[in-house]
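K.L.:
Show me the folded form of this:
(2 chains)
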Protein chains: 2
Amino acid sequence: MEIKVELTKNPKAKPASENLAFGNIFSDHMFIMDYEEGKGWHNARIVPYGSISYEPAVMVFHYGQAVFEGLKAYKTGNEIVLFRPDENFKRLNNSCDALCIPRIDEAFALEALRKLINIDRDWVPDAPGTSLYIRPFIIATEPHIGVHPSSTYHFIIITGPVGAYYKEGLNPVKIYVESHYVRAVKGGLGESKASANYAASLKAQQMAAKKGYTQVLWLDGVERKYVEEVGTMNVFFVIGDEVVTPALNGSILPGITRKSCIELLRSWGVKVSERRISIQEIYDAADKGLLKEAFGTGTAAVISPIGELCWNDKKLTLGDGKIGELSQKLYDNITGIQYKKLPDPFNWVVKV
Amino acid sequence: MEIKVELTKNPKAKPASENLAFGNIFSDHMFIMDYEEGKGWHNARIVPYGSISYEPAVMVFHYGQAVFEGLKAYKTGNEIVLFRPDENFKRLNNSCDALCIPRIDEAFALEALRKLINIDRDWVPDAPGTSLYIRPFIIATEPHIGVHPSSTYHFIIITGPVGAYYKEGLNPVKIYVESHYVRAVKGGLGESKASANYAASLKAQQMAAKKGYTQVLWLDGVERKYVEEVGTMNVFFVIGDEVVTPALNGSILPGITRKSCIELLRSWGVKVSERRISIQEIYDAADKGLLKEAFGTGTAAVISPIGELCWNDKKLTLGDGKIGELSQKLYDNITGIQYKKLPDPFNWVVKV
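P.N.:
The predicted model follows:
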C-alpha cells in the first residue's frame, strides 16, 4: 500500500532536549490509516500532527473499543533505532483480536512507522535518557449507539520527544499493595493493551497517591492474594538467588521489557521463575532476609526500583533507598542495547 | 449557568416514525459543556449536532476515561416526558466517581436536557414503541500520553429517534451462558456505566452470535458460578412464586429498569429476592418445573424475554417461544407509565 505524505507548512519549535517531560509534546507529523468493512485498511497517509473531527456518536467514546502500543526510538550518533518493534505490532494485533478490531499488517505498520520517524527525525532528542516515544493506537470510529464491534476504525501513530517517565528516575518508588480495587481478571481484557484496563486503574492510583504512594501493586481479582502487576508495569522480585515474576495467566500484560529482562537474566545464568507468587510470600521472604530487590519493568520507565511496599498497613522497606544491583545491571544493559552502547546479542535493535 | 443556544441553519429531514432502527440517526442539536481544572464545568451550550475536533492524543482514545448514560423521551399526545431522569444523572455521577471524572450538577444537567429536547421536540417520534433515545456522556479531552485522570473533559448529550433495540422485539431471545469471558469483577468497574465494560463484552458477544445466540449471560468472575447480567441488561428469573434477580454486588450495573421492575413487582405483592443465584440453581429449578420465566431489563429494550439458555452445551428452553405472563405484565406497565397510558403511582414520569 502506498503511503501518501503531506508535510507540515508550519513546523513547530522543538523543545530543548535537556528538560523534557513525558507525553505533553508531539512531533510535527502523524500516520493515519482508515478501516471500513468490506474495504479493509486503506488510505494510509502521513499528515501534519493535528486535530481530527469525530462525530460525538463515534463508538470509541461510548464503548471503549480502543487498543494501543508504546515503544521508543533512540538516537545513537547519526542513527535512529527502535527496540523490538515487531513485538509491539504483534501485541497490537493480539489486542485487536480480544476487542474484535480488524488486524493490521505488522510489516506494513513497521514500514509506516519508519517512514514517519524519518520524516520527523529531528524530533528524536539526543540528551542522555531521552527518546522519541511512539504511540500507535486504533479507535472505533463508527457513529452508532448500540453495543457491537464498530464497522470503521482509525489506526494512528503519534510520536513525541520524552524524558524520564517517573520523576523519581531510578530512585526507588513507594508502592501501595491494592487489596480493594482490581485491574483485571482472567477472562477479561487484562492481557490486552486495551484502553479499558487503564480506565480501571485510575481510582486505585488516585487513592494510593493520596496516601503518598507512587503506584499500586495489583493483586489477582479472584483470591486477592497473588501479585499481578505494578501500576502500568510488570513486576519482578529477587528472592534469594531466584528472580520471580508472575506468570502470564491471562490477566497480566505480556510486557516486552518483561520478556527482555527474562531473556537477559537467563543469558547471564540467573534463575528466573515465571510463576504464581503471593504477596504473603514476598513478605515472608523479607522477614527471612531473602527479599533482595523488587522492580517494575515497562517501556516508559525501563526499570523502576521498588523501595517500599505497603500491604494492609504493613510496611516493607527494600534496598535502603537505593536501586538494587540486579535492577541496575538490567537497566544498564537494556538501555545500553537500546542506545547501541553495548553489543546486541539478541538482535533486538532495528535501524529506522 | 446560562446555556447558550446556536440553532442549526440546515435542519435535517426527519425519518419516518414507523421504520426506525436503533442508534443510527441523530437529532439536529446537541448539548456540550467543558471542564477545565481550576475552572470547573463551564461554557454550557446547545449547538447543531456535528463533528468535534480532537487531538489524537486526547486521553479518552488511550486510557478509556469515559462514562455514559442512556434514557428515553416519550411522546404522549402533545406532551413529551422522561422516565426517572434524576436516576440517570445520579448514576452518571457515581460512574464519574469511579473513574476520577469531576461530577456534574444533576439538576443543571436535567435542565440542559429539557432545553435540548424542547429545541428538538419534533425529533421525538410518535409511532407505537418509538421514542427519543438520549445519550449523555463524558469523555477525557486532555491531549496527554501518561496514565492519570484528565484535566479537561467534555460532557455531551446527543439524542436520536429510535425503534426497538432488539430486532426480536418481545419475542424470546436465545442466551449463551458465558463460562470463559468475564465482563467485570468486584473491585473493578462493573457497577459503573463506563465504556470499559462494553469493550470487555464485545468478544463474548461475537462468539455467542456465531453460535446463534443473541446475547450472553455473564457469570461472576471469581467462581464462574453466579449469574450477573445478560448482555447489556439486568436479569430476572421467576422461580415458583419468587422473582429472583442478582443482588448489586459491586460488579453488576444498578439498572434503572431493574429498580423499577423490583418496585412494581413489590407493589403488586410479588415476592422479589435480590440475592446471589447460581446458574446451577436455574437449571435445577427448570428440572423441577419451577422455572417459569426469565427476562432481561434495560432502558433500550425495557423487557427482553429469554426463550433459551445454553450452559456448557446444556440447553434449557423456557416459555414455549412466547413471552411469560409476568414479563408481559411488567412490559405493559412500564411502557404504560412511560407513555402515560397508565397511572404513575410512583411519580416516575417527568414532563420535559
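K.L.:
which residues sit against stretch A:92-108?
P.N.:
A:1, A:33, A:35, A:40-41, A:44, A:65-69, A:86, A:89-90, A:109, A:136, A:138, A:140, A:149-150, A:153, A:155, A:189, A:191-194, B:199, B:202-203, B:206 (CB atoms under 8 Å, 6 or more residues apart in numbering or on different chains). To be clear about C-beta, it is placed using only N, CA and C from the backbone, and glycine gets the same treatment.
K.L.:
are any of these buried, and which?
P.N.:
Listed as buried from the contacts of stretch A:92-108 are A:33, A:35, A:41, A:44, A:65-69, A:89, A:109, A:136, A:138, A:140, A:149-150, A:153, A:155, A:189, A:191-194, B:199, B:202-203; burial here means 16 or more other CB atoms under 10 Å in any protein chain shown.
K.L.:
Which members of those residues occur in strands, if any?
P.N.:
Using DSSP state E, A:33, A:35, A:41, A:44, A:66-68, A:136, A:138, A:140, A:153, A:155 are the members of the buried ones among the contacts of stretch A:92-108 that sit in strands.
K.L.:
From the residues you listed, list the ones also adjacent to chain B.
P.N.:
Among those, the ones lying near chain B by CB under 8 Å from any CB of the partner chain are A:66, A:68.
K.L.:
Need the max-distance pair from the ones in strands among the buried ones among the contacts of stretch A:92-108.
P.N.:
Spatially, the most separated pair among those is A:A44 and A:A66, at 19.6 Å (CB to CB).
K.L.:
Quick check: pLDDT value at the residue lying closest to A:Y226 once chain neighbours are set aside.
P.N.:
Nearest residue to A:Y226, sequence neighbours excluded (CB to CB, 6 or more residues apart in numbering or on different chains): A:D220, at 4.3 Å. On pLDDT, A:D220 comes in at 97.
K.L.:
Can you verify my assumption that A:D220 contacts A:A247?
P.N.:
No - using CB atoms under 8 Å, A:D220 makes no contact with A:A247, being 11.4 Å away.
K.L.:
Overlap in contacts, these two.
P.N.:
Common contacts of A:D220 and A:A247 (CB under 8 Å, 6+ apart): none found.
K.L.:
my read: A:P48 touches A:F31, true?
P.N.:
No - counting by CB under 8 Å, A:P48 sits too far from A:F31 to count as a contact (11.5 Å).
K.L.:
Domain map for chain A?
P.N.:
A:4-162, A:173-343 (automatic domain parsing).
K.L.:
Quick one, which of these gets closest to B:C261.
P.N.:
Among those, the nearest to B:C261 by CB to CB is domain A:4-162 (21.0 Å).
K.L.:
before we move on, the earlier item: could you redo the ones in strands among the buried ones among the contacts of stretch A:92-108 as JSON lines and give each row pLDDT?
P.N.:
Listed next are those as JSON lines, based on pLDDT from 0 to 100:
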{"residue": "A:M33", "pLDDT": "98"}
{"residue": "A:Y35", "pLDDT": "98"}
{"residue": "A:W41", "pLDDT": "98"}
{"residue": "A:A44", "pLDDT": "98"}
{"residue": "A:A66", "pLDDT": "98"}
{"residue": "A:V67", "pLDDT": "98"}
{"residue": "A:F68", "pLDDT": "98"}
{"residue": "A:P136", "pLDDT": "98"}
{"residue": "A:I138", "pLDDT": "98"}
{"residue": "A:A140", "pLDDT": "98"}
{"residue": "A:Y153", "pLDDT": "98"}
{"residue": "A:F155", "pLDDT": "98"}
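K.L.:
list the contacts for A:A196?
P.N.:
A:64, A:66, A:189, B:64, B:194-197, B:199-200.
K.L.:
CA atoms only for stretch A:47-61, dumped as CSV, please.
P.N.:
C-alpha atoms of stretch A:47-61 as CSV (Å, rounded to 0.1, in the frame of the first residue of the first chain):
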residue,chain,number,x,y,z
VAL,A,47,0.0,14.2,7.6
PRO,A,48,0.8,17.2,9.9
TYR,A,49,0.0,16.3,13.6
GLY,A,50,-3.3,17.9,14.4
SER,A,51,-6.9,17.5,15.5
ILE,A,52,-9.3,15.2,13.7
SER,A,53,-13.0,15.7,13.5
TYR,A,54,-15.2,13.0,15.1
GLU,A,55,-18.9,12.7,15.4
PRO,A,56,-19.9,12.6,19.1
ALA,A,57,-21.6,9.3,18.4
VAL,A,58,-18.3,7.5,17.4
MET,A,59,-18.2,4.2,19.3
VAL,A,60,-14.8,4.8,21.0
PHE,A,61,-16.4,7.5,23.1
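K.L.:
so A:K351 sits right up against A:E79, yeah?
P.N.:
Yes - applying CB under 8 Å, one finds A:K351 in contact with A:E79, separated by 6.3 Å.
K.L.:
circling back: so A:D220 and A:A247 - more neighbours on which side?
P.N.:
Neighbour totals were compared for A:D220 and A:A247, and A:D220 leads with 25 against 13 (other CB atoms under 10 Å in any protein chain shown).
K.L.:
any chance you could read off phi and psi for that one?
P.N.:
The phi/psi pair for A:D220 (degrees, to the nearest 10) reads phi -60, psi 150.
K.L.:
Return the distance of the nearest residue in space to A:K9 that is not next to it in sequence relative to A:D120.
P.N.:
Of all residues not flanking A:K9 in the chain, A:P48 sits nearest, at 7.7 Å (CB to CB, 6+ apart). Separation of A:P48 from A:D120 (CB to CB, to the nearest Å): 11 Å.
K.L.:
Also A:F236?
P.N.:
34 Å.
K.L.:
Quick check: residues of the stretch 251-352 of chain A near chain B?
P.N.:
Residues of the stretch 251-352 of chain A that fall close to chain B, judged by CB under 8 Å from any CB: A:A300.
K.L.:
tell me the strands in the stretch 251-352 of chain A, going along the chain?
P.N.:
Assigned by DSSP state E, counting those that start in this stretch, the strands in the stretch 251-352 of chain A fall at A:271-275, A:291-298, A:302-311, A:314-317, A:349-351.
K.L.:
Pick the most buried one from these.
P.N.:
The highest mean neighbour count among the strands of the stretch 251-352 of chain A, using mean count of other CB atoms under 10 Å in any protein chain shown, belongs to strand A:291-298: a mean of 25.
K.L.:
and that strand, what other elements does it pack with?
P.N.:
strand A:234-239, helix A:256-267, helix A:279-287, strand A:302-311, helix A:325-338 (3 or more CB pairs under 8 Å, 6 or more residues apart in numbering or on different chains; DSSP states H and E).
K.L.:
list the helices and strands the shortest one packs on?
P.N.:
Spelled out, it's strand A:234-239. In terms of contacts (3+ CB pairs under 8 Å, 6+ apart), strand A:234-239 is packed against strand A:227-230, strand A:242-246, helix A:256-267, helix A:279-287, strand A:291-298.
K.L.:
again, but for the third one
P.N.:
Under the contact definition 3+ CB pairs under 8 Å, 6+ apart, helix A:279-287 sits against strand A:234-239, strand A:291-298, strand A:302-311, strand A:314-317.
K.L.:
next one: the longest one
P.N.:
In terms of contacts (3+ CB pairs under 8 Å, 6+ apart), helix A:325-338 is packed against strand A:79-83, helix A:256-267, strand A:291-298, strand A:302-311.
K.L.:
what would these look like in CSV with mean pLDDT and distance to B:L316?
P.N.:
Shown next, in CSV, are these (pLDDT from 0 to 100; distance: least, CB to CB, whole Å):
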stretch, mean pLDDT, distance to B:L316
strand A:79-83, 98, 53
helix A:256-267, 98, 43
strand A:291-298, 97, 46
strand A:302-311, 96, 44
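K.L.:
Same list, these, but as JSON lines with distance to A:L342 please.
P.N.:
Listed next are these as JSON lines, based on distance: least, CB to CB, whole Å:
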{"stretch": "strand A:79-83", "distance to A:L342": "13"}
{"stretch": "helix A:256-267", "distance to A:L342": "11"}
{"stretch": "strand A:291-298", "distance to A:L342": "18"}
{"stretch": "strand A:302-311", "distance to A:L342": "14"}
